[in-house]
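Asks: This is the structure alone, sequence omitted:
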């Protein structure tokens with residue numbers, strides 16, 4: 001019997017395993033109930049739909065990235081962090097995100113394939129991913145609030161979308177192709193911002 005406090009994580013873990021083996025597109029709540037050895041009622045009470053499960057997974061990825069944040073309270077933080085450029089900080093943050101995705105790589109690939117065939121599902125989860133990009137900006141010590149923050153989050157989402165296409169085909173041990181793609185895409189985004197006319201471009205790049 002799974003304790004009530006442990007149910008959210010247990011269901012999520014079982015759903016990810018089932019997604020990797022059965023495929024996310026064909027997976028039903030009843031399948032997840034069977035994989036979790038729980039009743040459908042218990043699954044529905046915690047996660048009414050697969051969309052809710054996916055949102056919960058995205059939040060766990062955000063949490064994993066933030067757990068690796070060498071912030072002021074982290075003994076691993078050093079003076080070098082303050083000297084890094086925003087682009088370098090974003091690179092580190094997004095690579096931590098790829099590391100987190102690798103923990104459930106097969107499930108993530110299955111989810112991506114399902115969303116590629118279901119644009120409505122992709123659109124439904126897009127706001128959650130955009131919110132995550134705001135979290136990534138904050139993790140990189142870049143403001144994500146207000147109108148400017150919303151623009152930055154959308155720009156970072158474009159960088160992420162371009163980079164994750166490389167990650168999905170990257171089976172290397174050190175993720176060198178993913179790192180190269182992410183670095184290139186961040187540099188392109190930085191160059192694009194710098195081309196904005198007048199001081200606004202310079203301020204936004206900073």
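Replies: Looks like it came in fine. The structure displayed is predicted, hence computed values, not measured ones.

Asks: mind giving me the domain ranges of the chain?
Replies: Domain segmentation of the chain under automatic domain parsing yields 1-48, 50-205.

Asks: now the end-to-end length of the shortest one.
Replies: Start and end residues of domain 1-48 are separated by 21 Å (Cα to Cα, to the nearest Å).

Asks: From the chain's centroid, how far away is that domain?
Replies: Domain 1-48 sits 21 Å away from the centroid of its parent chain (Cα atoms, centre = their mean, to the nearest Å).

Asks: ditto for the longest one
Replies: On the basis of Cα atoms, centre = their mean, domain 50-205 is displaced by 6 Å from the centre of the chain it belongs to.

Asks: What confidence value was assigned to the nearest residue to residue 177 once chain neighbours are set aside?
Replies: Distances taken as Cβ to Cβ, 6 or more residues apart in numbering place residue 170 nearest to residue 177, at 4.6 Å, with adjacent residues excluded. Any C-beta I mention is one placed from the backbone N, CA and C, and that applies to glycine too. Residue 170 carries a pLDDT value of 97.

Asks: what do you get for the one 3 residues further on?
Replies: Residue 173 is assigned a pLDDT of 93 by the prediction.

Asks: Residue 9 now?
Replies: Confidence at residue 9, expressed as pLDDT, is 97.

Asks: could you show me where the helices are in the protein, in order?
Replies: Ranges of helices in the chain, per DSSP state H, are 7-22, 29-36, 40-46, 50-67, 79-83, 86-102, 105-117, 119-139, 146-167, 176-194, 198-205.

Asks: Lowest mean pLDDT across those helices, which one is that?
Replies: With a mean of 48, helix 198-205 has the lowest mean pLDDT of the helices of the chain.

Asks: Okay, buried residues for stretch 141-157 please.
Replies: Judged by neighbour count using 16 or more other Cβ atoms under 10 Å, the buried positions of stretch 141-157 are 142, 144, 149, 152-153, 155-157.

Asks: if I read this right, residue 125 contacts residue 115, doesn't it?
Replies: Yes. Judged on Cβ atoms under 8 Å, residue 125 makes contact with residue 115 at a distance of 7.1 Å.

Asks: picking that back up, going by distance to residue 36, which of the buried residues of stretch 141-157 wins?
Replies: residue 157 (31.7 Å; Cβ to Cβ).

Asks: give the contact list for the closest one.
Replies: Counting by Cβ atoms under 8 Å, 6 or more residues apart in numbering, residue 157 touches 129-130, 133.

Asks: Show me how to select, in PyMOL, the buried members of those.
Replies: Only the buried members of these end up in this PyMOL selection, burial being decided by 16+ other Cβ under 10 Å:
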select buried, resi 129+133
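
Asks: any chance of the contacts of residue 157 in CSV, with distance to residue 2 too?
Replies: Formatted as CSV, these follow (distance: Cβ to Cβ, whole Å):
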residue, distance to residue 2
129, 29
130, 33
133, 33
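
Asks: Number of residues surrounding residue 108?
Replies: The tally of other residues near residue 108 (other Cβ atoms under 10 Å) stands at 22.

Asks: sorry, back to before: need the buried residues of stretch 141-157 in CSV with distance to residue 26, can you?
Replies: Output for these, formatted as CSV (distance: Cβ to Cβ, whole Å):
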residue, distance to residue 26
142, 39
144, 36
149, 38
152, 37
153, 32
155, 35
156, 32
157, 28
